[in-house]
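S.K.: Here is the input, now give the coordinates:
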Amino acid sequence: MPMQLSGKVVVITGAARGIGAETARELARRGARIALIGLEPGELATVAAELGEGHAWFEADVTDPTSIEAAIEATVGQFGGIDVVVANAGVAPFGTVRDHDPHAFTKTIDVNINGVFHTARAALPHVIERRGYLLVVSSLSAFAPIGGMGAYTASKAGAEALASALNSELAHHGVAVGSAHPSWIDTDLVRDAGEDLPSFREMRRRLPWPMRSTTTVQQCGRAFADGIERRARRIYVPRSIMLMHWLRNLPASRLMSRLMLPTTRKLMPRMEQEVARLGRSFSSRNQQLQSRSDEQTR
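M.R.: Okay, here's the model as predicted:
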């Protein structure tokens, strides 16, 4: 049954910028009251001020259960409950598995899977009370893996599987659970990766349609808001990504490997060299956030 968003309380993690911030703007335009959660207090405060009165922000680290629990309880204390949770916080490191920084790989799993678990676990008593909705932000990468994104692909596939398990667990409580699968969204994260790694830009350009599609963050925010109103089981951004879900075995097939071999043979060594020259596995902005997260958990 469709959800009227006016007056509903929506929690969004990773809400300081990008998809999280734009989804918050779109939901606020539709009358929802937003709790923004993330690691960048200055950016969160700016977005909250832009949304106007009736919204709030809380600094929290989704990899730290105590931190996210405190933010959820503060949300309930201010708004009286929670109707919708958007588990959006995520990171995307660079590099092939052969040369990957182990800390970056495990950090990606911690944010993109464990962060969803901690967020859902803290919020679910309140969402169940209101027979609400949980949206887990996965990715096209969950069912269309490409080289150089092993950590991200594994984590987003895990997030999709966790959403499916939660949907099964919560249906009898009247709670709906969905997963969102955006392709390339024009955000800081994607732009930074392209600027840091020319091989990444070329890899994207050579992917077959619709895997190379790029969508504006505004279109993504509207698609997420529409899906939340429908309590959708799946949200595809753009909608053509649905085709890749139906054909999810194709990207990992022998045929696709053969088609992409000339590209991967050239670009994977280049990517390894470019990451080595960078001296880091995350974009500069994500590197700062992860350093802050590590400091908070020590």
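S.K.: All the strands of this protein, in order from the start?
M.R.: Remark: strands assigned in the chain by DSSP state E are 9-13, 33-38, 56-59, 84-87, 133-137, 176-182, 184-185, 214-215, 234-237.
S.K.: list the contacts for Ile109?
M.R.: By CB atoms under 8 Å, 6 or more residues apart in numbering, the contact set of Ile109 is 151, 154-155, 158. All C-beta atoms are positioned from the backbone trio N, CA, C, and that covers glycine.
S.K.: before we move on, what about Gly14?
M.R.: Gly14 is in contact with 20, 37-38, 62, 88-90, 137, counting by CB under 8 Å, 6+ apart.
S.K.: Can you get me a residue count around Arg258?
M.R.: Other residues near Arg258 come to 9 when the count uses other CB atoms under 10 Å.
S.K.: Relative to Arg265, how far out is it?
M.R.: Distance of Arg258 to Arg265, computed by CB to CB, to the nearest Å: 11 Å.
S.K.: ok, now His181?
M.R.: Distance from His181 to Arg265, by CB to CB: 28 Å.
S.K.: For Leu170, which non-adjacent residue is closest in space?
M.R.: Val177 (5.9 Å; CB to CB, 6 or more residues apart in numbering).
S.K.: so the one you found bridges to which residues?
M.R.: Per DSSP bridges, the residues bridged to Val177 are Leu134.
S.K.: What segments of the stretch 1-150 of the chain are helices?
M.R.: Along the stretch 1-150 of the chain, counting by DSSP state H, counting those that start in this stretch, helices occupy 18-29, 41-51, 65-79, 102-109, 115-129, 150-170.
S.K.: of all these, which gets the most neighbours per residue?
M.R.: Stretch with highest mean neighbour count among the helices of the stretch 1-150 of the chain: helix 18-29 (a mean of 23; mean count of other CB atoms under 10 Å).
S.K.: on that earlier part again, in terms of neighbours, single out the busier of His181 and Arg265.
M.R.: More crowded of His181 and Arg265, by other CB under 10 Å: His181, with 23 against 9.
S.K.: Surely the more buried one is in contact with Pro238?
M.R.: No. With contacts defined as CB atoms under 8 Å, His181 does not count as touching Pro238, sitting 10.2 Å away.
S.K.: Contact partners for the closest residue to Ala92 other than its chain neighbours?
M.R.: Distances taken as CB to CB, 6+ apart place Tyr152 nearest to Ala92, at 4.6 Å, with adjacent residues excluded. Tyr152 makes contact with 92-93, 108, 112, 139, 141 under the criterion CB under 8 Å, 6+ apart.
S.K.: Which members of the residues you listed are the farthest-apart pair?
M.R.: Greatest spatial distance among the contacts of Tyr152 (CB to CB): Pro93 and Ser139, at 13.7 Å.
S.K.: Could you list the low-confidence segments of the stretch 101-250 of the chain?
M.R.: Within the stretch 101-250 of the chain, the segments meeting pLDDT under 70 span 189-197, 199-201, 203-204, 208-211, 247-250.
S.K.: Contacts only, for Val84.
M.R.: Residues in contact with Val84 (CB under 8 Å, 6+ apart) are 3, 8-11, 32, 127, 132-135, 228.
S.K.: one more time with 10 Å
M.R.: 3, 5, 8-12, 27, 32, 34, 123, 127, 130, 132-135, 176, 228-229, 231 (CB atoms under 10 Å, 6 or more residues apart in numbering).
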